[in-house]
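A.B. asks: let's see this in three dimensions:
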Amino acid sequence: MKTPTIILLMVIFSAKTFAQSGEVYVFKYFKELAQCDVNGNWLDASGNITTDENKIEKHSVEAGWKFIIANQTAGKTIIKLLKFTNASGKDSDEKEKNLDELITTYNQTAKSQVFFLLRENELETNAVLLKSKWDFSSGALTLPMKIRTPKDSIEITGQKQNRELDILGELNVGASFGPKIRFGKNRDFSVNTLFGFSLAGISVDASTTNGKVTEPGTELLGVTFHGSVVFEIKDFQIVIANGFDILGREVGENWIYQKGHWLGIGLGINIFNVNPAGSN
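C.D. replies: Okay, the predicted model is just below:
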């Protein structure tokens, strides 16, 4: 079992690392860009370095065009365009333009590199980072309440008992992780499937522990295992979770909710830390 687990973790983390290596940005507005080399030096129409601003080769880009950062130096951001969209934001007839086609568009010699210059702060004001279509999320899941489901005739230490509906607010501290898929033009809507475990403060009394705990409102430390789905629209999140709790030793053997399912519902903003790196 150890070898498949290690391989799975290597695949997950290598995929995340790969996504981080090529962040994709999208222009928010129409903009005119100066052509440059990979070091940020201006180029003229012939592809030669120039310091004369009047001789700079300039090209217009539209909102929705994608690019990656090729280099950053001395307040300059050097970019490479990746894909064209028309003014309406819809994909152009040619879904993707490879490097050779892009070079031809700008009348460059074959196999040369085409770069454009963004000056200081222009990256933040003119473009946004394109979120990846999928991601791997990890973080702490906090639910404001648990709804413990009822069940008739459960067996506790050889005796038949009923499990009543119960709604409790319990603090959970632990970890959650799972895949995240984004949808929509700007990938603002996502669905995140999470699995995890946590330590929880569980409230018990005589009626729920077959008389083993006599003090009302006693809190014991238990272990919670859960699966959940997080629906996210921009930064607003809705969580629907299902799980079960386990108490140890004699109290656990007599607790009527031992391994009994609960339903959790939560609302929040930025519940999880996720990799935002762009992947076309």
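
A.B. asks: what about the closest residue to Trp65 other than its chain neighbours, how many neighbours?
C.D. replies: Ranked by CB to CB, 6 or more residues apart in numbering and with sequence neighbours excluded, the top spatial neighbour of Trp65 is Phe27, at 5.0 Å. For every residue, glycine as well, the C-beta is placed using N, CA and C. If you count neighbours by other CB atoms under 10 Å, Phe27 ends up with 20.

A.B. asks: residues contacting Phe27?
C.D. replies: For Phe27, the contact set (CB atoms under 8 Å, 6 or more residues apart in numbering) comprises 61-67, 126-127.

A.B. asks: number of residues surrounding Gly252?
C.D. replies: By other CB under 10 Å, the burial measure for Gly252, its neighbour count, is 20.

A.B. asks: make sure it is indeed in a helix.
C.D. replies: Yes - per DSSP: H, G, I helix; E, B strand; the rest coil, Gly252 lies within a helix segment.

A.B. asks: contacting residues for it?
C.D. replies: When the contact criterion is CB under 8 Å, 6+ apart, the partners of Gly252 are 222, 246, 258.

A.B. asks: could you check how far Asn54 is from Asp44?
C.D. replies: As for Asn54, its distance to Asp44 is 10 Å (criterion: CB to CB, to the nearest Å).

A.B. asks: more neighbours, these two?
C.D. replies: Residue environment comparison for Asn54 versus Asp44 gives the larger neighbour count to Asp44, 14 against 6, counting by other CB under 10 Å.

A.B. asks: the more buried one contacts Glu53, doesn't it?
C.D. replies: No - if you go by CB atoms under 8 Å, Asp44 and Glu53 don't touch, sitting 10.7 Å apart.

A.B. asks: pull the residues that contact the helix or strand hosting Phe67.
C.D. replies: Secondary structure here is read from DSSP states H and E; on that basis Phe67 sits in strand 66-73. Under the criterion CB under 8 Å, 6+ apart, residues 22-27, 38-40, 77-83, 113, 115-116, 123, 127, 130, 280 lie in contact with strand 66-73.
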